[in-house]
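Visitor: got a structure for you, letters missing:
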C-alpha cells in the first residue's frame, strides 16, 4: 500500500535520530535560536547547531555545514536568509537528511516568479536526495513523544490529538493555549506553503498514526483536490477529523494567497468537499479548541436534546435562544421529571420545565444542583446535560468574598460529584459546564482558576453558552 | 400630547421625593434589605423602611404601614410574601404613591389563574388611586441622576444609555458589568411581567428623556403589538434603539412564559416589527454590551470597508473570514496605499494589501502600528480601522515578562495616540481594537487591565474579532 510506504517514510522525520538547526545563533531573539532552544528545552538528545559564523552555541559545538555533523541527522530546521536556501538544502541532501522544515519565507506567498522558481529548485534537489520538505514559511513539528518542539515552553505531555496547520501562527497558538483548554497533542505540524508535503500527506500520516485519535486541520488551500478528498474520506472513516478552512470569502482568500501562496478555492466547493461523515467543520480558533475539548472529554450524545440547569430566568431564556439557534433542543421535561423537580425546588421565581432556573435558591443550597441533575439525567428524552454558573454567582454585593470563595469550592466539588455520577449511571449523556463571565472584573481571575480546576478534573467547560453550543453540536455529529 | 402627559406622569416615579421599601428588614440576605441598602448606599435622602415586625432598620425608624410615613412617598419597592400583596398595594394607594415596583413573584408567570387574578386585582386598586405598577417579578429602577438603585454597589456615574429590561437578571447584570464595558446609564428599568407599565411605556418615556441618547430594550413579549410598533418607530426616529428579543424559538418562548408570563410571539412577526430604521437587533448579552460600547464611543462609519492591522498571517486570514462573514468588507487597499506601506514595513513574512500583517516586526518596532494607520486612514476606500493585538504579543517564551510589560505600556500609549490622530484628522472613520486572548492564562489579567485602560481612554475595545465585527456592523446601521 502506498499509504504504508509514506507512513514509513515520514516516521524518521517525526522520530529523528539527530536534528540540525541551521541558523541557530547566540542571539536569542533570532528564530533559529528559538528553534534550537526549543530542542534544548525538551532535552532532545542529539541536536546540532549549524552556523558558519559561530564556534559554539549554548555550550554546544557549532558546525559549519550539516555534512560536518558526525552522527546521523534525520530532520533539519532551516532559518537562514533566502539567498542561502539552495546551498543549505543541497547540504542537507548530501547528509541524507530525511526531512527538513524551512522557516525562511519569501517564496510563492510573495506572488513573484522568483519565489516560485526557488520552490521548484528546492523540490528538485530534495527529490534527487529522496528528502521531503516541510514549508517553506512554516515552523514544522511539535511531537511530545519524540521531544520535538518548534518553540520553547510547550507542554511535554503526550496526548491523542494531531493538528495539521497551514498557518504557523495557529499551530503555535494552539500549542501554547493547549493548557487553557486542557488539550494534549500527539503531533502538531505547521507546513506553510506546502511546496512538497502538504495537508493531504500529513492527514494520511496521522490517519495511520495509532497515537492520534482525533485529527484537526487548518487549511487554506490544497494542490490536488481529488487526492485530498479521497484521503479525507478515508481518514474520517477511521477517526474524527475537524477541519477549519481559512480563506472562505473573496478577501480572506486573497489574504490566504499572501499568507501561504494558497489558492483557497471556492467556498461552495469546499462546503461540498467537507460535507462527509466523520468530518466536523469549524469556523474559528475558539470553535476548534472547544470542539477538540468536547471530543477529548465526552462521548457523542445519542441526540440533541439538552437539559439546562442554572440560575436566573432571563438567562434561562437567553441560553435557550443560543442553544436552539445553534441546533440543540431544549425540550420540555417529561411530566414525571417536572413533578420530581417540583418536590425539591422552591416554587417561587423558579422554573422546572427545562431550563431549570433556580434563581437565588441555588446560592443558598448548592446541593440542589446535584439533586436536580440526578432527576433530569433519568429523563429518557434528555441526551445532554448542561449547567451554567458564574464565578461570582449573582455578582451580589451583599455576598462577602469569603462567602463567594466558599461557594466556589463547593461548586467545584459538586460538579466533580455530578460528573462521577453521570459517568457511572448515564455515561452516554455528556455533561458540560458553561462558566459565564462574572459581573465584576476581579472575579475573572477566579473564573480562570475554576476553569482550570474543572478541566483538571476532566470536566468539559466552556466560557460562554454560544461556545458550548457549537462544541456540543459538533460532538453530536460523531454519534 | 398623550406622550407628554405620560412623561409627566412617570417623572415623579424616576425622581421621587420619598421612597418606601416595604419588606426591608434587619436580615441582610433578604431582598427587601438589598433594595433598602441600595438606597442607603446611594445616600438617597428620604428612604423609609416599612416592616410591621421591626422597630428600627439600619438605624432608621421602621414604619408599620406606608401611610404612617410622615413625608411624601412617590415611589415604593415591595418585597413581601404574595399573600400580603393586595393589602400593601392598597396601603401605597392610600398614601398617594405615584408608582410601585413589585419584586414579589408568583403571579401570571406561574401560569395559574390565581396569579393572573391577583395581577388584575392589583391593577384595579392601582387604577383607583391613579398609581402605576412596575412588575410584578422585577427589580425596578436604577437612575443615577436621582440616586435610585435596585442593588448596592452600582456605579453612581450618570450616562446617556437607557436600558429597559423585562428580565431583572439582565438589568442587574448590565448594571453590574457596565464598568467592564465602560458603559454609563441614564436609567435601567426592569419591569418583569409588566402587568401595568411595560416596554412600550418606558420606550415612550425614554424617547422623550433628554438625558437618554440611546435606548436598549430586552423584551420577551408585549401586550399591544401595534402600540409597541408605533412607539418603536417614533422613538427610533429620534435616537438609536437596540432591541434584544428573548424567546425566539419554541422552547425559549416557553421559557419566557415561565419567566415573565409573556407570550413571546412568532419570531417571524418580531423580525418584521424590528426591521425598521434606527432599530438595531442584537442576539445576546455580549452583543448588546458591545454594540452599546460602539455607539457610546464611535460615530457610525460611512461604509463597511474595514482596514485590519495586526500581527500574524494566519490570524489575518481568520480575522478577515470572521469580519466578512459578519458583513464587513476587508477590501484591498488602493495601490498608492500599498506602495506607501511597503516603504515602511519590512517585506518578508508580512502582508500590506489588507489585512496588514506585520508578524514579528511589530514587536520590534511598535511605532509601525501608528505609521501604517496614518497611511491607511488616508485611503478613501477605507471606512473603519481595526487593529488586533494580544496582551502577550506572540506568547513567545523568549520574551521576558519585563519586556512584555514594557511593550504593553507602549501599545496602550500608541493606541491613544492613534485615537487622537484619527479623531483629529479622520473623525468620520471609527477606530477600534480587538484585544485577543493571550496564549497563557497568566496574561489574562493583563488583558483585563489593558481593556480597562483603553476603555478609560475612550477607545472601543472588543474581546474577539467576532464580537468586534457584530458591534461595528450594528454601528454601521446608524449611518
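Guide: Great, that's in hand. Nothing here was measured: the structure is a model prediction, and the numbers come from that model.
Visitor: Could you pick out the residues of the stretch 301-450 of chain A near chain B for me?
Guide: A:312-318, A:320-322, A:324-325, A:329-332, A:347-349, A:351, A:353-355, A:357, A:394-398, A:437, A:439-441, A:444-445, A:448 (Cβ under 8 Å from any Cβ of the partner chain). Every residue, glycine included, has its C-beta placed from N, CA and C.
Visitor: If you could redo that for the stretch 51-200 of chain A, that was the one I meant.
Guide: A:82, A:105-106, A:109-110, A:137, A:151-153, A:165-170, A:172-173, A:176-177, A:179-180.
Visitor: Identify the residue of the stretch 151-300 of chain A closest to chain B, quick one.
Guide: Residue of the stretch 151-300 of chain A nearest chain B, by Cβ to the nearest Cβ: residue A:167 (2.6 Å).
Visitor: ignore the last one, the stretch 251-400 of chain A
Guide: For the stretch 251-400 of chain A, Cβ to the nearest Cβ, closest residue to chain B: residue A:314, 2.6 Å.
Visitor: mind checking how far the closest residue to residue A:245 other than its chain neighbours is from residue B:325?
Guide: Distances taken as Cβ to Cβ, 6 or more residues apart in numbering or on different chains place residue A:270 nearest to residue A:245, at 5.3 Å, with adjacent residues excluded. Distance check for residue A:270 against residue B:325: by Cβ to Cβ, to the nearest Å, it reads 14 Å.
Visitor: ok, now residue A:218?
Guide: For residue A:218, the distance to residue B:325 - Cβ to Cβ - is 17 Å.
Visitor: Show me which of these two is the more surrounded one.
Guide: Neighbour totals were compared for residue A:218 and residue B:325, and residue A:218 leads with 26 against 15 (other Cβ atoms under 10 Å in any protein chain shown).
Visitor: Just list the residues touching residue A:178, thanks.
Guide: A:154-155, A:184-185 (Cβ atoms under 8 Å, 6 or more residues apart in numbering or on different chains).
Visitor: Kindly indicate which of these lies nearest residue A:377.
Guide: residue A:184 (28.2 Å; Cβ to Cβ).
Visitor: Just give me the neighbour total for the closest one.
Guide: Neighbours of residue A:184 (other Cβ under 10 Å): 17.
Visitor: check which helix or strand covers the residue nearest to it when sequence neighbours are not counted.
Guide: Using Cβ to Cβ, 6+ apart and skipping residues adjacent in sequence, the residue nearest residue A:184 is residue A:159, 2.4 Å away. Using DSSP states H and E, the element containing residue A:159 is strand A:158-165.
Visitor: Please tell me how far that strand is from the chain's geometric centre.
Guide: Computed by Cα atoms, centre = their mean, to the nearest Å, the separation of strand A:158-165 from the middle of its chain amounts to 7 Å.
Visitor: continuing past it, what's the next helix or strand?
Guide: helix A:168-181.
Visitor: what mean pLDDT does that following helix have?
Guide: Averaged across helix A:168-181, pLDDT comes to 90.
Visitor: between it and strand A:158-165, how big is the angle?
Guide: Angle between the axes of helix A:168-181 and strand A:158-165 is 150 degrees (criterion: axes from the mean of the first three to the mean of the last three Cα atoms, to 10 degrees).
Visitor: partners of the following helix or strand past helix A:168-181 in the sheet?
Guide: Of the helices and strands lying after helix A:168-181 in sequence (DSSP H and E), the nearest is strand A:185-190. Using DSSP bridges, the strands paired with strand A:185-190 are strand A:140-142 (antiparallel), strand A:158-165 (parallel).
Visitor: Buried residues of the longest one, list them for me.
Guide: Taking 16 or more other Cβ atoms under 10 Å in any protein chain shown as the neighbour-count basis, strand A:158-165 is seen to contain the buried residues A:159-165.
Visitor: Adding distance to residue B:290, write those residues out as TSV.
Guide: Output for the buried residues of strand A:158-165, formatted as TSV (distance: Cβ to Cβ, whole Å):
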residue	distance to residue B:290
A:159	34
A:160	37
A:161	32
A:162	35
A:163	30
A:164	33
A:165	29
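Visitor: Could you identify the most distant pair in those?
Guide: A:160 and A:165 (17.2 Å).
Visitor: I'd like the distance from residue A:17 to residue A:44, if you could.
Guide: 11 Å.
Visitor: Quick check: which ranges of the stretch 1-150 of chain A have low pLDDT?
Guide: A:1-8 (pLDDT under 70).
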